[in-house]
Structures are given as C-alpha cells and as structure tokens.
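Asks: Quick one, structure for this:
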Amino acid sequence: SVELKDGGLRASGDVQARLEKGGERVDLEAAVFEANLPALKSGGASGSATLFLSQVQRCRISREGETVSWSAEETSLSMNQEAEGPNGEPGELELIHAEAVGGVLLERAIDGQMLAASGERLEVLPGGAAKLLGADGRSVRISGVLPGGDRFGRVIAREIQLSQNKVTAKGAMVAYEGGDLDGVAIRSASADLMEASLEEVRLTGHVQIEGEGDETGPWTLRAGRAELGVDRSVRAEGGFDWSGSEGQQASGQTLSVEATAIAMEGSPARLTFANLEWEAEKLRFDREQLLLEAGKGRVSSGGEEGIELRYEGIQPVEGEGATVLALHRPRFVRGETEARAEWALLWVNQGKGGAKRVEGGPAPSLFGQTTGDGFTSALDEVYVEGHVEVFQAGERRAQVEAVYLDLVDGRGWLRNARITVEAEVGGEATQLAVDAEWLRHAADGSLAANSARITTCDHVDPHYFIETKDLQLKPSQEEGVRWNISARSNALVFDGGLE
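Replies: Take a look at the predicted model:
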C-alpha cells in the first residue's frame with residue numbers, strides 16, 4: 001500500500017525504490033518505507049529530504065568501482081533534493097548521511113576486495129565512508145577477501161570505520177588465514193587501533209602479534225606500533241619484545257623482519273638464542289647470504305666456561321664465493337683470559353659444499369684449550385691481525401702480529417709471535433718466553449717452528465736465549481702442565497755474542 005501526503009510518502013509491503021544522481025545509485029528494499037520529500041510539497045521546493053525504512057532487506061549504494069550494501073532492522077537516510085527542472089521534473093536526490101540500527105549485516109566491494117561485517121549500528125557518510133559499532137559490551141566482526149582471492153582473516157573490534165582505501169578498527173583483534181612465507185606465518189594480531197589498506201596493516205597501542213616459524217616454533221611479538229606488509233613483512237617500533245617457544249628472545253626500539261633479512265636497533269638491542277646473549281646498537285642479518293652487520297656491542301655465551309666478545313662494529317666483506325665478516329677491535333674474554341686485536345675476519349660456513357670435517361672425525365683443538373665443535377657449524381676460517389694480545393689474570397701471555405686458523409681441519413699459523421708458556425725445567429715449574437717469526441698450528445692444538453728463540457729472561461731484549469731449529473709445543477695431559485716442549489738443533493746465545 002502507498003499513502004501520499006503533502007511532502008510525505010509511506011509505503012508498506014515488499015517495497016523497492018531506486019534513487020540516482022550522477023554516478024551514484026541507491027537501491028532500497030524494505031517492508032516499510034517512509035519519506036519526507038520537498039518535491040512532494042506544493043511548489044516543488046528543494047531542500048533536505050529524509051527516508052526511513054524498517055525491516056530492511058537491502059540498502060545498496062553503488063558508485064564506480066565500489067558497492068556498499070547492508071540489511072538491518074531500521075535505516076534512515078538524510079538526503080538533499082534539488083529544485084525542479086525547467087520542465088517541472090523532480091530535482092535529483094543526493095545522499096548526505098545514512099544510519100542503520102539493529103542486527104546490521106554489511107557488505108562492501110571495492111577494486112576486487114570483498115568485506116563482510118556485522119554489528120549493531122552503522123553510519124554512512126558522503127563519499128562512501130562508513131562506521132560500524134557494536135551494541136553495549138559487544139564487538140563488531142569483519143572478514144574479507146583480497147584481490148586474487150586470498151582471505152585475510154577475521155577482525156573483531158569495538159568499532160570499525162571504512163573509507164575508500166582503508167579499514168580502521170579500534171580495540172582490534174585480527175585472526176590471519178594467510179599461508180606461510182619461507183617457513184614463517186602470522187596467526188593473529190591485536191592492538192588498540194588497526195588501520196588496514198591493500199598494502200599494509202598498521203597496528204598502534206599495546207600491539208601483540210602471534211606467529212609460528214620452522215626455526216623458532218610459536219612466537220609472540222609485543223610493541224608500541226607495528227606494520228604488517230602484504231609480503232608478510234613485519235616492522236615494529238616504539239619499543240618491542242619478541243619471544244620464541246625455545247627460549248629465544250629479542251628486545252629493542254625497532255624491529256624489521258623481511259623474507260631475506262632481519263634488523264633491529266636499540267640502546268642496546270638484545271637478542272638471546274642458542275645459549276648466546278647479544279647486545280648491540282643495531283643488528284642486521286641477511287638470511288640468504290648469512291651476512292651479519294652490527295653496531296658496537298657484545299656477545300656472550302652462558303655456562304661456567306662462558307666466552308664474551310666485545311667489538312666496535314661488524315661489517316660484511318665482499319668475497320668471491322665466500323661470506324666474510326669483519327670485526328673491528330674485537331675483544332674476547334673467558335674467565336681470566338682475554339684476547340684483543342684491531343681486526344678479525346670470519347669466514348661463515350654457508351653449507352654450500354665448502355670445507356667440511358669428515359663425519360665422525362675429531363673436532364680440531366684450538367691451542368689445546370678448547371675444541372672447534374662450537375665453531376665449525378657456523379665458521380670455516382678465522383684471521384686476526386693488528387696488535388694481537390692475550391692476557392692471563394691481567395698478565396700478557398702472548399703478543400702476535402697476525403693469526404690464521406682453519407676451524408674445519410685445525411691447521412693455521414701465527415706470524416711474529418712472542419708467547420709465554422708454563423713449563424717444567426729441572427723439576428721446577430718455570431715460564432718460558434718463545435719468539436718465532438712463524439708458528440704452525442696443528443689439529444691437535446700443538447705449535448711448531450723451524451726457527452725460534454726460547455728464554456726464561458723476562459726482559460724485552462733477553463740477556464740470553466736458546467736458538468732452536470726445531471721447536472715443538474704439544475698440549476699436555478699432565479695436571480698443572482700446559483705444554484710438553486721439545487727443541488732440537490739448539491744453540492745457547494748470551495747478550496754480547498757469547499755462545
């Protein structure tokens with residue numbers, strides 16, 4: 001049935017209506033339709049128009065490339081009607097504002113992206129912007145499909161706002177349905193505010209992201225702000241705290257995780273994994289090339305025999321067919337032992353067919369003090385130069401120009417070395433100073449030289465020394481004795497030339 005009054009119209013039953021202006025069209029389907037239209041008044045005046053619908057089956061607004069439609073218990077539309085045309089035709093209607101309440105089901109399609117949402121109250125503004133709210137204590141829900149057919153998941157929030165290029169949600173929780181990327185998947189995210197576009201999702205305030213990785217297992221990231229890219233990259237700032245299920249932890253000011261690289265900064269940034277604790281101003285790890293770049297910092301290993309490494313910086317060095325890291329002013333500390341130098345070069349084991357220890361074979365011994373088991377899985381070779389010094393309990397025990405070690409087979413050398421060793425001479429413990437232009441290092445940790453000087457004199461220029469053509473220093477198994485020493489083809493030389 002239809003009723004007409006001056007300026008008013010009421011229709012009930014299966015009511016359908018269409019309003020058009022320019023490129024915008026509004027289609028209405030409802031059980032009851034009421035309208036207050038200036039054009040229905042005498043004189044065909046222009047001005048504000050209102051439409052009220054109840055038991056709304058569909059209200060659809062169509063523009064070029066975009067469609068917004070909803071159903072609800074009630075809908076009201078505020079419109080502007082233009083004056084009559086020159087031939088008396090009614091003026092066109094322009095939508096200004098729409099409001100729907102009661103069990104709102106909203107659908108939106110724009111540029112191939114489909115969104116579906118449910119809530120209690122909907123507001124639609126000029127230009128297609130919309131706001132959807134839940135009832136008291138209830139949430140708004142939204143889900144959708146990205147261009148190409150991938151589902152982005154579900155969003156639960158207190159309030160959702162839609163604009164042409166963005167979805168904004170307050171008090172949001174996002175459940176992702178996307179696949180894994182290189183063994184890493186984001187499962188859910190929550191924040192005080194979420195802003196989502198076709199390129200990224202921005203999260204602000206009390207951000208928490210849950211995910212899972214092949215190497216880390218389930219993990220959690222908390223931050224002040226974060227961005228999730230369509231390439232499944234993650235960027236966090238305003239302070240972050242990341243934790244994995246296997247005890248891995250990271251914290252700092254900013255974090256960036258991409259398919260090929262991970263970077264973090266802080267004062268300092270902290271990283272804990274594989275029994276190592278890392279602190280640095282900045283860290284960047286290339287996951288494809290196994291290249292590490294770091295600002296001033298320190299690395300330490302746990303346990304009673306822990307080792308600490310401090311450095312001024314780490315930079316990757318370009319090398320043909322190899323990955324090399326350069327450490328500026330490295331300083332190693334283990335208990336009362338300290339070693340330092342100007343530079344160290346580390347050849348990273350990329351697992352691409354490089355040198356490998358024979359499976360089941362013994363790991364090389366490094367100077368008879370430790371095995372290479374903890375190094376060969378990550379490093380192939382080490383080269384250290386520039387004022388290389390080793391101290392024991394604050395006393396200098398070695399001074400070397402340069403050191404090279406192959407951590408796979410244990411071979412290496414020391415150039416222009418002066419080392420102090422503990423030895424037993426005549427049944428008494430004593431210290432011997434050994435000077436050699438070249439010392440060779442073997443897999444069992446022993447040292448050898450074809451030409452060397454040995455002395456017990458502690459002067460820089462000793463008053464006497466033994467000149468030997470065949471020196472062997474082998475790690476000792478005897479308690480209290482570090483080295484077994486043998487020397488052949490020897491000559492005793494005194495200061496002033498007496499032999």
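Asks: looking at it, E159 is touching R138, isn't it?
Replies: No. With contact defined as CB atoms under 8 Å, E159 does not reach R138; the gap is 11.2 Å. C-betas here are computed from N, CA, C, even on glycine.
Asks: who has more neighbours, those two?
Replies: Legend: neighbour count by other CB atoms under 10 Å for E159 and R138, higher for E159 (18 against 12).
Asks: Show the contacting residues for the spatially closest residue to the more buried one that is not a sequence neighbour.
Replies: With CB to CB, 6 or more residues apart in numbering as the criterion, E159 has its nearest non-adjacent residue at 4.5 Å, and that residue is K170. Residues in contact with K170 (CB atoms under 8 Å, 6 or more residues apart in numbering) are 157-160, 192-194.
Asks: What pairs with the helix or strand K170 falls within, parallel or antiparallel?
Replies: Taking DSSP states H and E as the criterion, K170 maps to strand 167-175. Here strand 167-175 is paired, per DSSP bridges, with strand 151-157 (antiparallel), strand 159-162 (antiparallel), strand 184-196 (antiparallel).
Asks: Any idea which of these gets closest to A17?
Replies: strand 159-162 (23.8 Å; CB to CB).
Asks: Report the buried residues of the closest one.
Replies: By neighbour count with 16 or more other CB atoms under 10 Å, strand 159-162 contains the buried residues 159-162.
Asks: Could you do stretch 108-120 as well?
Replies: For stretch 108-120, by 16+ other CB under 10 Å, it's 108-110, 113-115, 117-120.
Asks: and what of stretch 438-448?
Replies: By neighbour count on 16+ other CB under 10 Å, the buried set for stretch 438-448 is 439, 441-443, 445-448.
Asks: for stretch 474-491, same thing?
Replies: Within stretch 474-491, the residues scored as buried using 16+ other CB under 10 Å are 474-476, 483-485, 487.
Asks: any chance of these in JSON lines, with secondary structure and pLDDT too?
Replies: Formatted as JSON lines, the buried residues of stretch 474-491 follow (DSSP: H, G, I helix; E, B strand; the rest coil; pLDDT from 0 to 100):
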{"residue": "K474", "secondary structure": "strand", "pLDDT": "86"}
{"residue": "P475", "secondary structure": "strand", "pLDDT": "82"}
{"residue": "S476", "secondary structure": "coil", "pLDDT": "77"}
{"residue": "W483", "secondary structure": "strand", "pLDDT": "77"}
{"residue": "N484", "secondary structure": "strand", "pLDDT": "80"}
{"residue": "I485", "secondary structure": "strand", "pLDDT": "84"}
{"residue": "A487", "secondary structure": "strand", "pLDDT": "86"}
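Asks: which ones are touching the residue nearest to H97 when sequence neighbours are not counted?
Replies: Distances taken as CB to CB, 6+ apart place S78 nearest to H97, at 4.3 Å, with adjacent residues excluded. Neighbouring residues of S78 by CB under 8 Å, 6+ apart: 48-50, 95-98.
Asks: Give me the subset of the residues you listed lying in helices.
Replies: If you go by DSSP state H, the contacts of S78 have nothing in helices.
Asks: need those residues in TSV with pLDDT and neighbour count, can you?
Replies: Shown next, in TSV, are the contacts of S78 (pLDDT from 0 to 100; neighbours: other CB atoms under 10 Å):
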residue	pLDDT	neighbour count
S48	73	12
A49	74	23
T50	82	15
L95	75	22
I96	82	15
H97	86	13
A98	88	23
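Asks: quick one: low-confidence ranges for the stretch 351-499 of the chain?
Replies: 351-378, 424-427, 479-481, 496-499 (pLDDT under 70).
Asks: Would you map the helices across it?
Replies: Shown for the stretch 351-499 of the chain, the helices assigned by DSSP state H, counting those that start in this stretch span residues 373-376.
Asks: For the helix or strand where T67 lies, which strands pair with it and how are they oriented?
Replies: In this assignment (DSSP H and E), T67 forms part of strand 66-81. For strand 66-81, the paired strands and their directions (DSSP bridges) are strand 47-63 (antiparallel), strand 93-110 (antiparallel).
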